[in-house]
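> Generate coordinates for the sequence data below:
(2 chains)
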Amino acid sequence: MNYFSIKVSNLVKQFDKKKIIKNISFQLPSEGIFGILGKNGAGKTTLLGLLLGLITPTSGDIFILGKNIRNNKDAVLNQINFQSPYVELPKKMTVIQNLFFYARLYGVLNFREVIYKLSEELKINDLLSFNYGSLSAGQKTKVNLCKSLVNTPKLLLLDEPTASLDPETSIFIRDYLINYQKQNKSTILLTSHNLDEIQNMCSYVLLIKSGKVVSRGNIADLLKKNNFLSFKDFFLGHS
Amino acid sequence: MFNRISALLIRYKTISFGSFPRLISIFYWPSVQILFWGFFTNFLVSDSSLSSLGVLNIILSAVVLWDVLFRGQLGLTMSFLEELWSRNLTNLFITPLKDIELIIALILISFFRTVIGLTPAVFMANYFFDFHLFELGIFLIFFFFNLITVGWAIGFLVSGLVLRYGHSFEELAWAIIFILLPFSCVYYPLESLPWLMQKISILLPPVHIFESMRAILIENKVYYESIFKILGLNLFYLSFSIIFFISMIQKCRKKGLLINQGE
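Reported below is the predicted structural model:
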């Protein structure tokens, strides 16, 4: 087992002349749920893109599950996955076609078994024959989550996993992710604007401001250390 | 009422004239029509040695072969653009999928779409007009693969441009083939073109393919020099377009364009 799920050293990302990620270094243990916090434009999505290999860093190194993503992209991508409400699946394919498609791309051997099990757990069995494009936002989120779990990722990156969902679906997804992480001893790294969600789910947070990590640590310790009573006050005070 | 109409006009003006490819397409179409029909009519009027059946056979052969190029390009470009329209590109690029695997899959789907699309048309032409495409013999297969290769080369070029520079370049997916049409000498010989256009045309593989096609159908001759030119040019253009497509993907990775890319 790798001691660190993610290790980032001196990471810089510059678009044209603008530095979006400014020399970030951090490491996250191999198991647990961790959060990235920050206001709009702080650099959260860019950071996720860098961790996923979708964005090439200007400088610095990213180690995922012990491997440098620069030289081991295929091996790394096989073990991670991603879900975002802003990224969709092919609309003209049914849900099951989409899930089979992605399972094949990840080379999942027993993909039928895996997908039927996941769809049962996520309560999307009755959606499998529907066109993805015909689903509601909540249904799409569940299907996207199912897609992000087809390769049983050791590292799961989630961009605002419960954005625009009704409270019932949000609670269902949060509970599901917490159980999933425990059962699979995996790492989940999520970004969210929902402070309650971060506080309830994450054991450790990184607070990003203007491309820099301005605060990091266990939420209770951070509040105590900085003399804040609520997480909301802490966020507003630091971001 | 005036405000609402002017608001819509401003919006449509931005769509129509707001990007270079769209602007080009607005000016290019009328010119293409004039040039194409002008050269074609000149050829028909000037060459009295051809029988009407011979003309029909040449035209239908040219139509079918030109469609190989058109379908080949469209099959590749549309399959790739579908990923963009579905906002699925991010999901695709975070899988262990390699660039070369994506390229091979796009080539294969374009091939199948072209074959499936053209087969009924060839049989219909045979039934209704007594048209025999197979008169071209083994060279039919050679022309088919070389024209579809041109289609793939254009397809990778357009897909790379759309990926890197956005939806305004989508117009090119439809228009680029017709930009090439007057230079490709599909329905008229190379000599019909003015000197400057001839100089540009000889750099394009379709010219040599359609000249070879006419040589086989009219003179019953094969010019092997043209065959080598076709192979050499196609090898160059396909390699260049694939390198260009991969470099556009890498450029998008550097610029952060692959995340949340979509409609």
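
> Determine the three-state secondary structure at the closest residue to chain A within the stretch 151-263 of chain B.
Residue nearest to chain A within the stretch 151-263 of chain B: B:Ile259 (4.2 Å; Cβ to the nearest Cβ). Just so you know, the C-beta spots here come from the backbone N, C-alpha and C atoms, and that holds for glycine as well. Recorded secondary structure, B:Ile259: coil (DSSP: H, G, I helix; E, B strand; the rest coil).

> Point out the residues in chain A that sit beside chain B.
By Cβ under 8 Å from any Cβ of the partner chain, the residues of chain A that approach chain B are A:13, A:15, A:20, A:45-46, A:48-49, A:52-56, A:73-74, A:77-78, A:80-82, A:84, A:86-92, A:102, A:105-107, A:147.

> Can you list which of these are found in helices?
A:Thr45, A:Thr46, A:Leu48, A:Gly49, A:Lys73, A:Asp74, A:Leu77, A:Asn78, A:Tyr102, A:Leu105, A:Lys147 (DSSP state H).

> remind me which residues of the stretch 151-263 of chain B are low pLDDT?
Residue ranges of the stretch 151-263 of chain B with pLDDT under 70: B:260-263.

> let's go with 50 and repeat that
Counting by pLDDT under 50, the stretch 151-263 of chain B shows low-confidence ranges at B:263.

> Now do the helices in the stretch 151-263 of chain B.
Secondary structure of the stretch 151-263 of chain B by DSSP state H, counting those that start in this stretch: the helices cover B:170-184, B:195-201, B:205-214, B:224-255.

> Just the CA atoms of stretch A:165-181, as CSV, please.
Only the C-alpha atoms of stretch A:165-181 are listed here, as CSV (Å, rounded to 0.1, in the frame of the first residue of the first chain):
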residue,chain,number,x,y,z
LEU,A,165,-29.3,18.1,-6.1
ASP,A,166,-32.4,18.0,-3.9
PRO,A,167,-31.6,17.4,-0.2
GLU,A,168,-32.7,13.7,-0.2
THR,A,169,-30.4,12.8,-3.2
SER,A,170,-27.6,14.8,-1.7
ILE,A,171,-27.8,12.9,1.6
PHE,A,172,-28.0,9.6,-0.3
ILE,A,173,-24.9,10.4,-2.3
ARG,A,174,-22.9,11.6,0.7
ASP,A,175,-23.8,8.5,2.7
TYR,A,176,-23.0,6.2,-0.2
LEU,A,177,-19.6,7.8,-0.7
ILE,A,178,-18.7,7.5,3.0
ASN,A,179,-19.6,3.8,3.0
TYR,A,180,-17.9,3.2,-0.3
GLN,A,181,-14.7,4.7,1.0
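
> for the helix or strand hosting A:Lys182, which positions count as buried?
Applying DSSP states H and E as the criterion places A:Lys182 in helix A:167-184. Of all the residues in helix A:167-184, those buried under the rule 16 or more other Cβ atoms under 10 Å in any protein chain shown are A:Thr169, A:Ser170, A:Phe172, A:Ile173, A:Arg174, A:Tyr176, A:Leu177, A:Tyr180, A:Gln181.

> Return the member of these nearest to B:Phe129.
A:Thr169 (60.5 Å; Cβ to Cβ).
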